[in-house]
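# Starting from these lines, generate the structure:
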Amino acid sequence: MITIEPTSVEAELSAPTLTRFLNRARAAIGLRGAVDVLLTTDRTLRQLNKSFRGKDKPTDVLSFPAPTAFAKKHAGDLAISIETAARQAKAFAHPTQDEVKILILHGLLHLAGEDHETDKGEMATREAALRRELHLPATLIERTTQTTTKKHITTTLGPRKTTKKTSQSTKKSTTRGGK
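You can find the predicted model right below:
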């Protein structure tokens, strides 16, 4: 079930469309059990992040796996900031609804037990394949570090630097705030 709370961001989000995507993504991942998704504000995500992870800052998506005893019926819950999704969508030039789908996919992979912070790229590889299968723009992990053959591009979300270099010289170096 998708619950969309009112926010200060005007985003055209369709609960039925997002629910269909959620179910397709769950099936593609092989995740059994229902998943509830709360689309809410930065403020709520900050409170949840502080309460459950000890991090006093907003974030884009949080995953709450269900206890093993319930996992066959209910895999867990996701909380997504519509405000952060809208900012990220604008930065990557795609609709907010697409960004929310990216965040749903990312959260579902965490509910399935994957963790990009501790694995050796397995989640990134799987997320990229699922993104293509589900016709989504670049995933969170892909946007964090991208490499192309003609240019070396490193993109990070957060307070680190974003650089773009060609083999001849540095073209651009900027810092973008975020998580």
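# Where does K50 fall, secondary structure wise?
helix 42-53 (DSSP states H and E).
# Please name every helix or strand in contact with that helix.
Helices and strands touching helix 42-53, by 3 or more Cβ pairs under 8 Å, 6 or more residues apart in numbering; DSSP states H and E, are strand 61-65, strand 74-81, helix 82-91. C-beta coordinates here come from the backbone N, C-alpha and C atoms, glycine included.
# quick check: domain ranges of the protein?
Here the domain parsing of the chain from automatic domain parsing is 2-143, 145-179.
# for the record, mean pLDDT for the last one?
Averaged over domain 145-179, pLDDT sits at 33.
# Find the centremost residue of the chain, please.
L103 (2.8 Å; Cα atoms, centre = their mean).
# does that residue really touch V61, like I thought?
Yes. L103 sits in contact with V61 when judged by Cβ atoms under 8 Å, with a separation of 4.2 Å.
# Ends of stretch 52-64, what's the gap?
End-to-end distance for stretch 52-64, by Cα to Cα, to the nearest Å: 9 Å.
# For that stretch, give the mean pLDDT please.
90.
# bridging residues for the nearest residue to F64 once chain neighbours are set aside?
Take F64 and drop its neighbours on the chain: the residue closest to it by Cβ to Cβ, 6 or more residues apart in numbering is D77, 4.4 Å away. The partner list for D77 in beta bridges (DSSP bridges) reads D36, F64.
# and the gap between D77 and A129?
Distance from D77 to A129, counting by Cβ to Cβ, to the nearest Å: 25 Å.
# Please enumerate the strands of this protein.
Along the chain, counting by DSSP state E, strands occupy 2-4, 34-40, 61-65, 74-81, 146-147, 152-154, 161-165, 170-175.
# Comparing D77 and A129, which residue is more hemmed in?
D77 (18 against 12; other Cβ atoms under 10 Å).
# Thanks a lot, catch you later.
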